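Asker: fold the following and give me the result.
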Amino acid sequence: MARAIERIERDIIAMEEAIEAIASELSSAYTNYLTILGQAVQQQLIQASYHLCTQGHPDNFLKLSLNQRQQLQQAIRKLGQQAAQQLLSYMESDEEDEADEDEVDEVDEVDEVDEEDEADEADEADEGVSSLSPTPSTFPTPSTFPTSPTPVQTFGPNVSTPTSPTPVQTFGPNVSTPIPPIPLQTLRRNVSIPTPPAFPEDPCNPVEVAKWQQQLEGVTQETLKKLSRDANLLLQKARILPNKLPEPILEAAAAVSEASADVIPAPPNLLNLVIEIENEQKPEESSLTQIMALNLRLAEIEFADLTLSSARKQIRSILVQLNKLGREYQKKHRELSVAEAEAAWRASWFED
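Answerer: Numbering: from 1, shown residues only. The predicted structure is shown next:
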């Protein structure tokens, strides 16, 4: 029985080494995928914005001056660049944390040496001369990104971002006013940046690797949702979209489009809405207005980019290996528990 337990333990060690290699391969695959996704997001955000301004709301776009159009286009490009950098930072965060920790250690060592030298100089100073004792600097200690625990039922991607539908409201007429400059700083204050998950401390554990992968998919989806919200807010400030169109309406419509096919057809990464606009002078008179808004969707972005689609297939292939090995790993742990329990039973059993 002891030999059987040793054999099972050796099998588990071999599986853990294989799982760690798969985790490393999965991390490299996601670095490649998120790099390509960032480039695709920038391109398709511009394409969707072009279609929205020229096909969805051409009259509103034509009201802008040349300078206002250039401001809007530049701000849209900037949003896409920021989103691309944010996506790639999810895989660089762990390396940056380690580098920051090394830098803090080096700075602390330099401070200690400086303090000793200054103390020696103060002792050797002439009488009547006062010396100022240096105040040690305080450096922040970097910490890993917090992650919210996510229950893992199965291995592989399991990302869901449900949004409860919001009742449709009525809105007043949109008043045409001069358009002020569009500062991006106002957009950054509205929606928080998704927090990336830290790479598992135990990459030999398939459950931890699967949890990290699911959380990474979740923050990727949240990044696209944030980019859509920021871009729509930008279009509202430019008077392309109605200024009184609340964000909950867009979120509810986006959630419905994700869950159902019974929506108005729209080009990729765009959302078609039909809302009722109330006449403030004559409340009894209202009109239905069709509005197009940005709604970046990961599936549509991947479908339109062959390189990105290929990178996604590579991730799926690695996840298949992780799923298979994860099931075998759990089965082997179960086998070890049974063998150890049988050995413990025999060790404690004695005849009357």
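Asker: quick one: the helices in this protein?
Answerer: Ranges of helices in the chain, per DSSP state H, are 2-51, 58-62, 66-123, 185-188, 206-237, 247-259, 298-303, 306-348.
Asker: neighbouring contacts of the second one?
Answerer: Right, the one you point to is helix 58-62. Cys53, Thr54, Arg69, Arg239, Ile240, Leu241 (Cβ atoms under 8 Å, 6 or more residues apart in numbering). The C-beta positions use only the backbone N, C-alpha and C, and glycine is treated the same way.
Asker: just the buried subset of those, please.
Answerer: Neighbour-count burial (16 or more other Cβ atoms under 10 Å) applied to the contacts of helix 58-62 gives Cys53, Arg239, Ile240, Leu241.
Asker: would you reformat these as CSV and include distance to Leu271 and pLDDT?
Answerer: Compiled in CSV, these are given as follows (distance: Cβ to Cβ, whole Å; pLDDT from 0 to 100):
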residue, distance to Leu271, pLDDT
Cys53, 15, 96
Arg239, 19, 92
Ile240, 14, 94
Leu241, 11, 90
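Asker: out of those, which comes closest to Lys225?
Answerer: Nearest to Lys225 out of these is Leu241 (Cβ to Cβ; 16.8 Å).
Asker: contacting residues around the closest one?
Answerer: His57, Asn60, Asn232, Leu235, Ile291, Ala293.
Asker: once you drop chain neighbours, what's closest to Ala40?
Answerer: Asp305 (4.4 Å; Cβ to Cβ, 6 or more residues apart in numbering).
Asker: and that neighbour, how many neighbours?
Answerer: By other Cβ atoms under 10 Å, 19 other residues sit near Asp305.
Asker: ok, now the one 3 residues further on?
Answerer: Leu308: 24 surrounding residues under other Cβ under 10 Å.
Asker: for the stretch 201-350 of the chain, which spans come out with low pLDDT?
Answerer: Scanning the stretch 201-350 of the chain for pLDDT under 70 picks out the ranges 244-246, 256-266, 276-287.
Asker: my guess is Leu250 meets Ile275, correct?
Answerer: No. In this structure, Leu250 is not within contact of Ile275 by Cβ atoms under 8 Å, at 10.4 Å.
Asker: which one's more surrounded, those two?
Answerer: Leu250 (23 against 18).
Asker: to what extent is Arg327 buried, counted in neighbours?
Answerer: Arg327 has 13 nearby residues by other Cβ under 10 Å.
Asker: Ile318 versus that one, what's the distance?
Answerer: Going from Arg327 to Ile318 by Cβ to Cβ, to the nearest Å gives 15 Å.
Asker: got it, and His333?
Answerer: In terms of Cβ to Cβ, His333 sits 22 Å off from Ile318.
Asker: which one of the two has more residues nearby?
Answerer: Ile318 (20 against 13).
Asker: so the more buried one touches Ser24, yeah?
Answerer: No. Applying Cβ under 8 Å, one finds Ile318 not in contact with Ser24, separated by 10.2 Å.
Asker: still on that earlier bit, farthest-apart pair in the buried ones among the contacts of helix 58-62, please.
Answerer: Among those, Cys53 and Arg239 lie farthest apart (Cβ to Cβ), at 11.3 Å.
Asker: how about the helices of the chain in JSON lines, adding distance to Asn269?
Answerer: Formatted as JSON lines, the helices of the chain follow (distance: least, Cβ to Cβ, whole Å):
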{"stretch": "helix 2-51", "distance to Asn269": "4"}
{"stretch": "helix 58-62", "distance to Asn269": "18"}
{"stretch": "helix 66-123", "distance to Asn269": "12"}
{"stretch": "helix 185-188", "distance to Asn269": "18"}
{"stretch": "helix 206-237", "distance to Asn269": "8"}
{"stretch": "helix 247-259", "distance to Asn269": "11"}
{"stretch": "helix 298-303", "distance to Asn269": "6"}
{"stretch": "helix 306-348", "distance to Asn269": "13"}
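Asker: quick one: closest of those to Leu271.
Answerer: helix 247-259 (5.7 Å).
Asker: got phi/psi on Ser65?
Answerer: Main-chain dihedrals, Ser65, degrees, to the nearest 10: phi -80, psi 170.
Asker: so what's it up against?
Answerer: Contacts of Ser65 (Cβ under 8 Å, 6+ apart): none.
Asker: one more: Lys332?
Answerer: Going by Cβ under 8 Å, 6+ apart, the list of residues near Lys332 reads Ile8, Asp11, Ile12, Met15.
Asker: apply 10 Å and report the result again.
Answerer: Shown in contact with Lys332 (Cβ atoms under 10 Å, 6 or more residues apart in numbering): Ile8, Glu9, Asp11, Ile12, Ala14, Met15.
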